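> could you work out the structure for the sequence below:
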Amino acid sequence: MYVWARLAKAVATNKRRGPLNVSDTSRLEFRCLPFDIDSNMHLNNARYLMLADVGRIDFYMRSGMIRLIRERGWTPLMGGVQTAYVREIRLWKKFTVQTRLATWEETTVIGRHRFILEDGTEAATVLTTAGVYDFSERRFIQMEEIARALGYDGDAPEPNSTERSFMETHKMLRAEVKRSK
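Purely as a prediction, here's the structure:
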């Protein structure tokens with residue numbers, strides 16, 4: 001299945017798989033198919049990001065975030081990505097994409113997408129930064145406001161050192177790009 005078919009399957013099965021809380025993890029199972037591979041016969045780097053998108057959309061749908069942002073006229077926007085590949089996902093192999101909100105700070109949320117092989121080995125991790133934008137007010141929404149609206153009453157999870165470093169280097173890279181205009 002091409003990524004659109006995989007997304008359609010996730011959408012069609014989200015009610016059966018049940019709702020998620022902000023602190024939960026989405027799990028989607030896939031198989032590496034011929035149109036997913038590169039010349040090395042393993043999952044290509046672009047496909048990792050597309051499948052992370054499917055995981056993120058599944059999480060947003062099942063947590064109620066999609067409903068919330070549509071009701072309020074908001075828009076989710078990606079900020080950046082960092083990926084670490086440690087094991088290959090070979091043609092025909094099954095794997096799971098686990099997606100969760102790792103932490104958030106002010107208007108930025110950090111997503112973590114883990115690519116797990118059948119034997120439980122982590123093949124890759126994709127970290128993402130994102131935010132929710134209100135075009136009518138021309139501002140990003142505080143992530144705490146979104147978490148509260150979705151029924152989460154705790155604090156943001158404490159970022160680990162990797163997540164903290166990712167947030168900092170992402171801020172630096174954005175500033176560098178903005179200066180280069």
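> got the buried residues for stretch 135-154?
Buried positions in stretch 135-154, judged by neighbour count with 16 or more other Cβ atoms under 10 Å: 140-143, 146-147, 149, 152. Any C-beta I mention is one placed from the backbone N, CA and C, and that applies to glycine too.
> now tell me what touches that stretch from outside.
Outside stretch 135-154, the residues within contact range by Cβ atoms under 8 Å, 6 or more residues apart in numbering are 21-23, 63-65, 68, 73-75, 104-109, 131-134, 156.
> in strands, which of these appear?
Mapping the contacts of stretch 135-154 onto strands (DSSP state E) picks out 75, 104-105, 108-109, 131-134.
> out of those residues, what pair is the most spread apart?
Spatial extent of those (Cβ to Cβ) is set by the pair 75 and 105 at 19.7 Å.
> have a look at the two and say which one is more surrounded.
Between residue 75 and residue 105, counted using other Cβ atoms under 10 Å, the more crowded position is residue 105 (16 against 13).
> who's that one bridged to?
On the basis of DSSP bridges, residue 105 is bridged to residue 108.
> once you drop chain neighbours, what's closest to residue 169?
Take residue 169 and drop its neighbours on the chain: the residue closest to it by Cβ to Cβ, 6 or more residues apart in numbering is residue 82, 8.0 Å away.
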